[in-house]
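Asker: here is the input, now give the coordinates:
(2 chains)
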Number of protein chains: 2
Amino acid sequence: MEINLSSVGMEKGRQYETVITTLSPEGKRNAAPIGVICTGKDSIICRIFKGSTTLENIISQKEFTVNITENPQLFTLSTIDNLPETYFDENNSIKNIESYFKCEVTDLIEAVKRSDPIKSDSKAIVIKAKVTSHVINKNIKAINRAMGLLIETLVNFTRIDMVDEKQQEYYLGRFREAKRVINKVGSKEEQKAIHEIKKELIKKGYSP
Amino acid sequence: MEINLSSVGMEKGRQYETVITTLSPEGKRNAAPIGVICTGKDSIICRIFKGSTTLENIISQKEFTVNITENPQLFTLSTIDNLPETYFDENNSIKNIESYFKCEVTDLIEAVKRSDPIKSDSKAIVIKAKVTSHVINKNIKAINRAMGLLIETLVNFTRIDMVDEKQQEYYLGRFREAKRVINKVGSKEEQKAIHEIKKELIKKGYSP
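Answerer: Numbering: from 1, shown residues only, chains lettered A, B, ... in the order given. Below you'll find the predicted structure:
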């Protein structure tokens, strides 16, 4: 079967939330939540901060596994700490995962992750990789943050006229942060939607 | 075909974000974003604030249409104002919508929406309804807010140790709000995940 990341809903140019699993030179397995940008039907890039186990493992092994899942537990455990050894399959994907694909590194580039508001000074490496195999155990779409952020922005929009000035400022801050992320990872339609909310906020007299 | 809301991913007891379309006694069409709770394979409830056009139309017509969509534009336009007349199909669903189902009201109950942090004093009506027909034009899962909120909570979790105290308080406020919503609309797994993040924040010395 030809590899085509669109089979898990990944479109060229957009970023998806995944759990990347890697292996250390000593054979220790690691899992971490990583945003992966689809750059073609069988290619991706991701930026990973220096000092992370995932980056060390990818540099030494030149390969890694991208797990596509909607499982809240996997995102949570891999963010808080690491997945227990029993969660890993022999081939270093996550056991019973909805979908996973194996990647081979094609390029490693020094980069500063300027788009991140908190970690803007941190050094990162951009990893370019080719997908060498793709397994789909269950039909699933890779998670993208834009639609969830848009829905939360709309919920806040319905409340902004009912709250005090301090809470309005809070909602406007939330709006700006959502807009930043949607413009980075969202579809054209989602970007258009957040722009329309901005125009509407201005019409109401706010400064979004 | 037997009606079964699980065909659009709706599970009993959970709330999904939809666009409800209604008709006024004068034949004017209305669309509004409404959270709908699935109460069985062919039954739902929703709470709607008094004074809204949607509620007036549902009370007078005793029927309404629930549109299931991932279209950012439909959620945005129906929140900001109303959908233009051209967006509606003759049968009062939204044209080219991924899926929609028609509902007949079975019960109307006075209620105060206590769970809402902003509109807690507002009077609302709980509408119980039976699904009388269901059309699926495209495979889709109804939007639920929990997973998006969990992902945003995890993003903030990775940043909380790097920011100043004021920003930490902001993240903790975001955490509490996400936890409230996830406990209301999320799956058992999502609720378990947010609880684990809470334990981890406490372990780090925060007061989530």
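
Asker: the residue of chain A found nearest chain B: neighbour count?
Answerer: Residue of chain A nearest chain B, by CB to the nearest CB: A:G148 (2.0 Å). From N, CA and C alone the C-beta is placed, and that goes for glycine too. By other CB atoms under 10 Å in any protein chain shown, the residues close to A:G148 number 23.

Asker: and it, that one's in a helix?
Answerer: Yes: under DSSP: H, G, I helix; E, B strand; the rest coil, A:G148 sits within a helix.

Asker: give the contact list for it.
Answerer: B:145, B:147-149, B:151-152 (CB atoms under 8 Å, 6 or more residues apart in numbering or on different chains).

Asker: downstream of the lowest-mean-pLDDT helix or strand in chain A, the next helix or strand is which one?
Answerer: Lowest mean confidence among the helices and strands of chain A (mean pLDDT, DSSP states H and E): strand A:99-112, at a mean of 93. Following strand A:99-112 in sequence order, the next helix or strand is strand A:123-136 (DSSP states H and E).

Asker: hmm, that next one touching chain B?
Answerer: No: Strand A:123-136 is not in contact with chain B by CB under 8 Å from any CB of the partner chain; minimum separation 13.6 Å.

Asker: now that strand: buried residues?
Answerer: The neighbour-count check on strand A:123-136 (16 or more other CB atoms under 10 Å in any protein chain shown) flags A:124-125, A:127-131, A:134 as buried.

Asker: next: stretch A:68-80.
Answerer: Neighbour-count burial for stretch A:68-80 [16+ other CB under 10 Å]: A:68-72, A:74-80.

Asker: likewise stretch A:90-108?
Answerer: The neighbour-count check on stretch A:90-108 (16+ other CB under 10 Å) flags A:92-94, A:97-103, A:108 as buried.

Asker: among those, which pair sits farthest apart?
Answerer: Farthest pair in the buried residues of stretch A:90-108 (CB to CB) is A:E98 and A:L108. Separation: 28.5 Å.

Asker: which residues of chain A fall in helices?
Answerer: Ranges of helices within chain A are A:53-61, A:72-80, A:146-157, A:165-185, A:188-203, based on DSSP state H.

Asker: got the CA positions of the third one in PDB?
Answerer: Read that as helix A:146-157. The C-alpha trace of helix A:146-157 is given here as PDB (Å, rounded to 0.1, in the frame of the first residue of the first chain):
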ATOM      1  CA  ALA A 146      -7.300  24.600  15.900                       C
ATOM      2  CA  MET A 147     -11.000  23.500  16.000                       C
ATOM      3  CA  GLY A 148     -10.900  23.000  19.800                       C
ATOM      4  CA  LEU A 149      -9.400  26.400  20.300                       C
ATOM      5  CA  LEU A 150     -12.000  27.900  17.900                       C
ATOM      6  CA  ILE A 151     -14.900  26.400  19.900                       C
ATOM      7  CA  GLU A 152     -13.400  27.700  23.200                       C
ATOM      8  CA  THR A 153     -13.000  31.100  21.700                       C
ATOM      9  CA  LEU A 154     -16.700  31.100  20.600                       C
ATOM     10  CA  VAL A 155     -17.800  30.000  24.100                       C
ATOM     11  CA  ASN A 156     -15.800  33.000  25.600                       C
ATOM     12  CA  PHE A 157     -17.300  35.300  22.900                       C
END
